[in-house]
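Engineer: Could you look at this predicted model? Sequence included:
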Amino acid sequence: MRKERNTDFMLNSLDDLFTSQNERDNGYLPNIQDIPLELLDDFPNHPFKVRDDEDMLKLIGSVSERGVLVPAIVRPKADGRYELISGHRRKRASECAEKKTLRCMVSDLDDDAATIIMVDSNIQRTDILPSEKAFAYKMKLDAMKHQGQRTDLTSRPVGKKLLSIEKLAEDVDESSRQIQRYVRLTYLVPELLEMVDEGRIKMRPAVEISYLDEDNQRDLVDAIDTEDCTPSHAQTIKMRKFFDEGKLSSDIITSIMQEEKPNQKEKIVIPNKTVEKYIPKSIPAEKRQDYVCKALEHYGKYLQRMRDRESR
């Protein structure tokens with residue numbers, strides 16, 4: 001039910017942006033054109049990645065057989081080219097299907113209206129990464145601010161007037177606080193943001209890290225590589241406290257990362273030179289771990305047999 005309401009809102013918004021009330025009253029028909037692919041430029045800082053995954057393969061097959069059923073949305077540029085607002089995946093599929101043109105709806109839109117349409121037409125996808133949501137939410141909030149709506153991320157509504165962040169929360173079915181968290185991710189250096197996308201760093205620790213400056217964040221990246229672990233929420237809170245006091249340094253970050261987490265299991269690290277003399281040279285390198293595990297299994301069974309004999 002929520003998704004249907006969001007879709008209806010998006011369609012109504014697009015209709016309002018593309019046409020005037022007079023045009024809608026007089027049965028205005030949108031400007032649909034088949035535009036050469038080489039004349040289509042991607043939207044600047046487009047936050048949504050176009051992946052050559054299984055879904056793309058299906059889309060390529062559909063475009064090959066039936067063409068593009070839903071027109072992309074573009075706006076004309078001063079140099080005679082067009083800026084793609086919605087339809088980056090359709091463009092990619094058309095290229096892979098060796099099509100020459102892409103069916104597009106052409107409309108004169110200002111930067112803010114184009115940004116809002118770009119976000120609204122992509123945000124309902126189910127496979128969106130945290131980084132994609134982060135930059136998309138920030139771009140839409142900035143556009144709403146330029147359109148004269150309040151986007152103060154820390155304030156609260158007065159009376160019945162909704163802040164733009166609360167309006168966005170309604171549109172995307174997220175809480176205002178969760179949107180704030182996503183926007184904070186845009187302050188992370190690329191290496192840390194990638195770890196968030198991969199699930200190695202969770203949302204709340206990532207938000208705490210986002211308040212550190214770039215130098216401290218890069219020190220943390222180095223500590224993560226050195227210690228081979230990512231920080232817990234408690235550790236990031238401690239780092240932020242040191243940072244707010246002006247005391248955070250690379251040594252302190254390393255010290256915090258070396259603290260054992262409550263759920264951290266002790267690792268067994270055995271140098272290669274310690275075990276390699278017990279492994280036949282005929283065993284390939286990629287099979288040595290399996291050999292060691294099987295040897296330990298047999299040794300465990302041997303110890304159990306010895307205990308059984310002693311208990312008789």
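Structural biologist: Alright, I've got the coordinates. Model, not experiment: these values are computed from the prediction.
Engineer: so where do the strands sit in this protein?
Structural biologist: Listed in chain order, the strands of the chain (DSSP state E) span 31-36, 40-41, 72-76, 82-86, 101-106.
Engineer: Same list, these, but as JSON lines with distance to Pro280 and mean neighbour count please.
Structural biologist: Quick note: C-beta positions are derived from backbone N, CA and C, even for glycine. Compiled in JSON lines, the strands of the chain are given as follows (distance: least, Cβ to Cβ, whole Å; neighbours: other Cβ atoms under 10 Å):
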{"stretch": "strand 31-36", "distance to Pro280": "64", "mean neighbour count": "14"}
{"stretch": "strand 40-41", "distance to Pro280": "60", "mean neighbour count": "17"}
{"stretch": "strand 72-76", "distance to Pro280": "61", "mean neighbour count": "22"}
{"stretch": "strand 82-86", "distance to Pro280": "60", "mean neighbour count": "21"}
{"stretch": "strand 101-106", "distance to Pro280": "61", "mean neighbour count": "20"}
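Engineer: for these, which one sits closest to Ser164?
Structural biologist: Of all the strands of the chain, strand 82-86 sits nearest to Ser164, with 20.0 Å by Cβ to Cβ.
Engineer: tilt between the closest one and strand 72-76?
Structural biologist: 150 degrees (axes from the mean of the first three to the mean of the last three Cα atoms, to 10 degrees).
Engineer: Could you export strand 82-86 as PDB, CA atoms only?
Structural biologist: Presented in PDB, the C-alpha positions along strand 82-86 are these (Å, rounded to 0.1, in the frame of the first residue of the first chain):
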ATOM      1  CA  TYR A  82      20.500  16.400 -24.000                       C
ATOM      2  CA  GLU A  83      20.900  15.700 -20.300                       C
ATOM      3  CA  LEU A  84      19.500  12.400 -19.200                       C
ATOM      4  CA  ILE A  85      17.400  12.800 -16.100                       C
ATOM      5  CA  SER A  86      15.800   9.400 -15.800                       C
END
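Engineer: Centre of the chain to it, how far?
Structural biologist: 21 Å (Cα atoms, centre = their mean, to the nearest Å).
Engineer: helices and strands around it, which ones?
Structural biologist: Under the contact criterion of 3 or more Cβ pairs under 8 Å, 6 or more residues apart in numbering; DSSP states H and E, strand 82-86 touches strand 40-41, strand 72-76, helix 111-120.
Engineer: Looking at these, spot the one closest to Lys145.
Structural biologist: That would be helix 111-120 among these, by Cβ to Cβ, at 8.7 Å.
Engineer: Buried residues, that closest one. List them.
Structural biologist: 112-120 (16 or more other Cβ atoms under 10 Å).
Engineer: Tell me the one of the residues you listed nearest His233?
Structural biologist: Distances from His233 to these, taken by Cβ to Cβ, are shortest for Val119, at 29.0 Å.
Engineer: got a list of what that closest one touches?
Structural biologist: 47, 136-137, 139-140, 143 (Cβ atoms under 8 Å, 6 or more residues apart in numbering).
Engineer: Cross these against helices and list the overlap.
Structural biologist: Residues of those located in helices (DSSP state H): 136-137, 139-140, 143.
Engineer: residues contacting Val50?
Structural biologist: 56, 88-89, 92.
Engineer: can you tell me which of the buried residues of helix 111-120 lies nearest to Lys294?
Structural biologist: Distances from Lys294 to the buried residues of helix 111-120, taken by Cβ to Cβ, are shortest for Val119, at 53.8 Å.
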